[in-house]
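J.: need a structure here:
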Amino acid sequence: MTRVPAYILGILLIAAVLCAPALFWGMGGEGDGGYEPTRITSYHAAFDVAADGELTAVEQIDLQVSTGDRHGIFRFFDRNDGNAPHARRDPAAISVTRDGQPEPYEKQSRGLGRYTVLKIGSADRTLSIGTHHYTISYTIPGVLLPGDRDPSWEQSAGGSLFYWNVVPGGWQQQMDDVDVDVTLPSAAVLPSAEGRTGCLVGWGDAAAPCQVDGDGTQRLALHLDHLDARTPVTIQAGMGIDTPAEGNHLPWTARLDPVFGTSPALLVMVVVVGIGAAIGGGALGANACERRPAYQILYVPPAGLGPAQAVYVMDERIPREAFVGSLLHAAERGAIRMEQNDKAWTLTRLTDGRDLDPVTLDLIDRFVGAAPHSTTTITRKNVTDGQFLKSVIDSFEKEVKDWGIRSGNLSRTGVGPFGGILVIAGLVLAGVCLFLRPLGMSMLGIIPGAFAICGISMARTGAGTKRTTPGRRLWSEVGGFKRILSTPSSEQRFDFSGRQELYTAYIPWAVAMGCAKEWAKKYRAETGSEPPVPFFFAGYTGAHGGNFADAMVHDFNSTVSSAISSYTATQHSSSGGGGFSGGGGGGGGGGGSW
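T.: Predicted coordinates for the structure are as follows:
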């Protein structure tokens, strides 16, 4: 249960990242305001608002084309309405004609879903020079607003407002001969307060009033001889009718559409599936976790084991120190001799080593040779030696893992080695959802993200295996022995006076367990003298004294790592596909013309 708060925090962090599209909502959706080579010589827009608030619009546009590079026009709609933040002004039932004939168009989305764009015309055809007549019709549901939205408009309770940009401010062309007709479901009442009007031309407080005919009737009309580019015309009129439901209402504002999408039912489904994914990931992750047992106080290593098996049972990993510790273990038992000469190490087989554990015996058989007096020499920066070492180490690690299962101390569990792949895949898919927004919602990524966060334990070392009952007992013993080797002497004393060779006998174990320094410090603190030089380090030419073990291990590790690196470098330099490859290769609203 202690992991649950961490999982919740991780899921909340993933969710916060998936909300990032809301920060960029609306960017890049409108026209760029550049040079526009066409002109609208006549613009007539008719709006018919039904009692249920649905608006039916017909826009008739005479477009004067003076160049031969135009393919058509575009018309974009701002789905957001600041007066009704939970509504979506989505055009539907769209129809487009040019010069009396149906005209093809492509419906696009811009600004992370804020703008719906109609790209009218064909890329493989240009418009002839002259005037072309376009008709664009569409519907938008629920456009009426509550009458109390504007306190300065005095109307009885339950009244409604028609508040609309009858000419959107995003048109890139200048317009001549602008006519607008609005038919409302009830008699219109224009604002009567001093200094107010039912029609404005322009933006914000700088807008100029315009004349609207039809006050007190269901039909309003206005005419303008000229209208500059990118200039809106807005009408506000009240009606004494109840306000119908707003169109395309959602519980969240339009800014969150790229995050949550536009379907509450789909969002609920995503949340439910996300909870299921979190539970599933948590169950798989919990199956890969094990509670550490209480360590026993153990002054000797467990019988029948070598250093590598002990480390693997304790940590479920096989560090390079375990490989070196196993060789030192074989040398301490007299099975091999290790000699260093400048940049080379020579290992010689001395005995059959039948008293060794099977993993260590298999290692020296492969590395040094099974026959008596077999010899192996490895040299730094030698590619051939590095290739041989890599093969030996790979076989050694596989043998240790196989021993863990074969001995009954570990068993395979969960999804095995694929757990880490599943966690990584979950995080990658969450990132894909963030940028590509499948089904129009980045929050879809919470499903793989929650699975990855709650199943993160599957990616840890050893997640594909689990200790059995005997394995947990052995884990406790090995952990206790490591604690004795690494704990300061004031806490756990070790009787070196009775057996001086205990220090050298346990050096291989301290090396494999990563506590050689602590082991030397423990000897120094309890005896008041420097640790002795082990007999199996004969011929070592590096530093001695208190640091000889660390120095020898470091030198041998450096030789091994250098040889392997030399080999690995040759593999990288020759990689690549077939063919010629020296290095391998690789790698609102408005409109305008277009």
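
J.: and the helix or strand where residue 361 lies, how far out from the chain's middle?
T.: Taking DSSP states H and E as the criterion, residue 361 maps to helix 358-367. A distance of 44 Å separates the centroid of the chain from that of helix 358-367, by Cα atoms, centre = their mean, to the nearest Å.

J.: what sits up against the helix or strand that that helix is followed by?
T.: As assigned by DSSP H and E, the chain's next helix or strand after helix 358-367 is strand 375-379. With Cβ atoms under 8 Å, 6 or more residues apart in numbering as the contact definition, strand 375-379 has outside contacts at 343-349, 367-369, 385, 388-389, 559-560, 563. Every residue, glycine included, has its C-beta placed from N, CA and C.

J.: thinking again about what came up before, and the helix holding residue 361, what does it pack against?
T.: Judged by 3 or more Cβ pairs under 8 Å, 6 or more residues apart in numbering; DSSP states H and E, the packing partners of helix 358-367 are helix 307-315, helix 320-332, strand 344-349, helix 383-406.

J.: report the buried residues of it.
T.: Buried residues in helix 358-367, counting neighbours by 16 or more other Cβ atoms under 10 Å, are found at 359-364, 366-367.

J.: from those residues, which single one is nearest residue 98?
T.: Comparing the buried residues of helix 358-367 against residue 98 with Cβ to Cβ picks out residue 366 as the nearest, at 80.5 Å.

J.: what's the weakest-modelled helix or strand in this structure?
T.: Ranking every helix and strand in the chain by mean pLDDT, DSSP states H and E puts helix 548-573 at the bottom, with a mean of 62.

J.: per-residue confidence for the residue most central in space within the chain?
T.: Ranked by distance to the mean C-alpha position of the chain (Cα atoms, centre = their mean), the top residue is residue 431 at 3.2 Å. Confidence per residue is given as pLDDT, and for residue 431 that number is 95.

J.: how about it, secondary structure?
T.: Three-state call for residue 431 (DSSP: H, G, I helix; E, B strand; the rest coil): helix.

J.: phi, psi of the nearest residue in space to it that is not next to it in sequence?
T.: Residue nearest to residue 431 in three dimensions, not counting chain neighbours: residue 445, with 7.3 Å by Cβ to Cβ, 6 or more residues apart in numbering. Phi and psi for residue 445, reported as degrees, to the nearest 10, are phi -70, psi -10.

J.: quick one on the thing from earlier: relative to residue 165, which of the helices and strands packed on helix 358-367 is closest?
T.: Across those, the minimum distance to residue 165, taken as Cβ to Cβ, is reached by helix 307-315, at 68.0 Å.

J.: buried stuff in the closest one?
T.: In helix 307-315, residues buried by neighbour count (16+ other Cβ under 10 Å) are 307-315.

J.: and for residue 372, the neighbour number?
T.: Applying other Cβ atoms under 10 Å, we find 10 other residues in the vicinity of residue 372.

J.: which residues touch it?
T.: Listed by Cβ under 8 Å, 6+ apart, the contact set of residue 372 reads 349-352.

J.: ends of stretch 67-79, how far apart?
T.: With Cα to Cα, to the nearest Å as the measure, the first residue of stretch 67-79 is 32 Å from its last.

J.: correction: stretch 456-468
T.: Note: stretch 456-468 ends 22 Å apart using Cα to Cα.

J.: residues contacting it, please?
T.: The set of residues external to stretch 456-468 that reach it, using Cβ under 8 Å, 6+ apart, is 10, 281, 284-290, 313, 315-317, 404-405, 408-420, 422-424, 474-475.

J.: the same query, at a cut-off of 7 Å, please.
T.: Defining contact as Cβ atoms under 7 Å, 6 or more residues apart in numbering, one finds that stretch 456-468 is touched by 284-285, 288-290, 316-317, 404, 408-417, 419-420, 422-423, 475.

J.: again, but for stretch 407-420
T.: Counting by Cβ under 7 Å, 6+ apart, the neighbours of stretch 407-420 from elsewhere in the structure are 284, 287-288, 313, 404-405, 422, 458-459, 463-468, 470-471, 474.

J.: on that earlier part again, in a markdown table, list the helices and strands packed on helix 358-367 along with mean pLDDT.
T.: Shown next, in a markdown table, are those (pLDDT from 0 to 100):
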| stretch | mean pLDDT |
| --- | --- |
| helix 307-315 | 94 |
| helix 320-332 | 91 |
| strand 344-349 | 89 |
| helix 383-406 | 91 |
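
J.: save those as a markdown table, and put in distance to residue 43 too.
T.: A markdown table is the format used below for the helices and strands packed on helix 358-367 (distance: least, Cβ to Cβ, whole Å):
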| stretch | distance to residue 43 |
| --- | --- |
| helix 307-315 | 76 |
| helix 320-332 | 78 |
| strand 344-349 | 89 |
| helix 383-406 | 76 |
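
J.: now the contacts of stretch 407-420: which count as buried?
T.: Neighbour-count burial within the contacts of stretch 407-420 applies to 284, 287-288, 313, 404, 422, 458-459, 463-468, 471, 474; the criterion is 16+ other Cβ under 10 Å.

J.: just the ones in strands from these, please.
T.: Cross-referencing those against strands under DSSP state E gives 465-467.

J.: tell me the one of those residues nearest residue 85?
T.: Distance to residue 85, by Cβ to Cβ, is smallest for residue 466 among these, at 52.9 Å.

J.: which pair of the buried ones among the contacts of stretch 407-420 spans the longest distance?
T.: The largest distance within the buried ones among the contacts of stretch 407-420, taken as Cβ to Cβ, falls between 422 and 474 and amounts to 29.2 Å.

J.: burial count for residue 342?
T.: In terms of burial, residue 342 registers 8 neighbours under the definition other Cβ under 10 Å.

J.: pull up the gap between it and residue 379, please.
T.: According to Cβ to Cβ, to the nearest Å, residue 342 stands 9 Å off from residue 379.

J.: and residue 217, by the same measure?
T.: Noted for residue 217: a distance of 102 Å to residue 379, by Cβ to Cβ.

J.: does residue 191 sit in a helix, a strand or a coil?
T.: The local conformation at residue 191, judged by three-state DSSP, is coil.

J.: report how many residues lie close to it.
T.: If you count neighbours by other Cβ under 10 Å, residue 191 ends up with 19.

J.: do you know the pLDDT at it?
T.: 74.

J.: low-confidence bits of this protein, can you list those?
T.: Low-confidence segments of the chain, defined by pLDDT under 70, span residues 1-2, 28-34, 149-158, 192-197, 414-417, 462-463, 489-500, 537-557, 559-561, 563-588.

J.: hang on, the earlier thing: and of the buried residues of helix 358-367, the nearest to residue 249?
T.: The closest of the buried residues of helix 358-367, once distances to residue 249 are taken by Cβ to Cβ, is residue 359, at 68.7 Å.
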